[in-house]
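[1] Fold the following for me, if possible:
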Amino acid sequence: MTLKEWSERWLESSTHLKPKSRVGYESLLRSTIHPTFGRRRVRDIESLEVREWVASLSRRGLSPSRIRQSYRLLSQLSDAAVISGVLHASPCVGVKLPRLPDVEPTILTPAKVRALAQQMRSPLRPPDSNPGLHRAPIR
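    Model (predicted):
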């Protein structure tokens with residue numbers, strides 16, 4: 001069974017996925033996984049090839065986040081194949097992934113929070129018109 005066939009069966013049987021997740025997985029399969037592994041038999045994919053694939057995604061300029069998403073999906077497919085007896089072991093074990101960039105949080109001062117809140121208010125819909133929401137004082 002090819003990885004493309006396996007991924008189609010896996011996706012079809014994954015009834016727990018939200019529609020947005022399903023669309024995201026289909027996109028990852030089309031753009032990053034199937035071009036490299038789609039025609040390969042699931043049991044023939046080796047760990048070194050997965051490492052080379054991760055490196056090639058990085059050379060193509062994909063962000064570390066997109067590479068990690070693609071890898072996680074391939075890993076899920078491989079784990080499911082192990083559980084189903086299609087594979088003896090996942091080729092994704094031990095693969096090093098690119099680091100995500102460190103992002104400094106932006107901490108707003110109380111004055112900036114007030115200014116942002118003022119910009120968000122719509123003259124057509126006051127904040128109190130949303131049922132279930134309450135207004136908390138900004139200090």
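
[2] contacts, neighbours, all on C-alpha from now
    Fine.

[3] Convert the helix or strand of the chain with the lowest mean pLDDT to PDB, retaining C-alpha atoms only.
    Lowest on mean pLDDT, DSSP states H and E among the helices and strands of the chain sits helix 110-120, with a mean of 84. The C-alpha coordinates for helix 110-120 follow below in PDB (Å, rounded to 0.1, in the frame of the first residue of the first chain):
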ATOM      1  CA  PRO A 110      -2.700  49.900  31.000                       C
ATOM      2  CA  ALA A 111      -2.700  53.000  28.800                       C
ATOM      3  CA  LYS A 112      -2.200  51.000  25.700                       C
ATOM      4  CA  VAL A 113      -4.900  48.500  26.700                       C
ATOM      5  CA  ARG A 114      -7.400  51.400  27.200                       C
ATOM      6  CA  ALA A 115      -6.400  52.900  23.800                       C
ATOM      7  CA  LEU A 116      -6.800  49.500  22.100                       C
ATOM      8  CA  ALA A 117     -10.200  49.000  23.700                       C
ATOM      9  CA  GLN A 118     -11.300  52.400  22.500                       C
ATOM     10  CA  GLN A 119     -10.300  51.600  18.900                       C
ATOM     11  CA  MET A 120     -12.200  48.300  19.100                       C
END
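
[4] Work out the gap between the helix or strand harbouring residue 24 and the centre of the chain.
    Applying DSSP states H and E as the criterion places residue 24 in helix 19-28. Chain-centre distance of helix 19-28: 9 Å, with Cα atoms, centre = their mean, to the nearest Å.

[5] And for stretch 1-10?
    The answer for stretch 1-10 is 19 Å, by Cα atoms, centre = their mean.

[6] In that stretch, which of the residues would be classed as buried?
    Using 16 or more other Cα atoms under 10 Å as the test for burial, stretch 1-10 gives 2-4, 6-7.

[7] where in the chain is pLDDT low?
    121-139 (pLDDT under 70).
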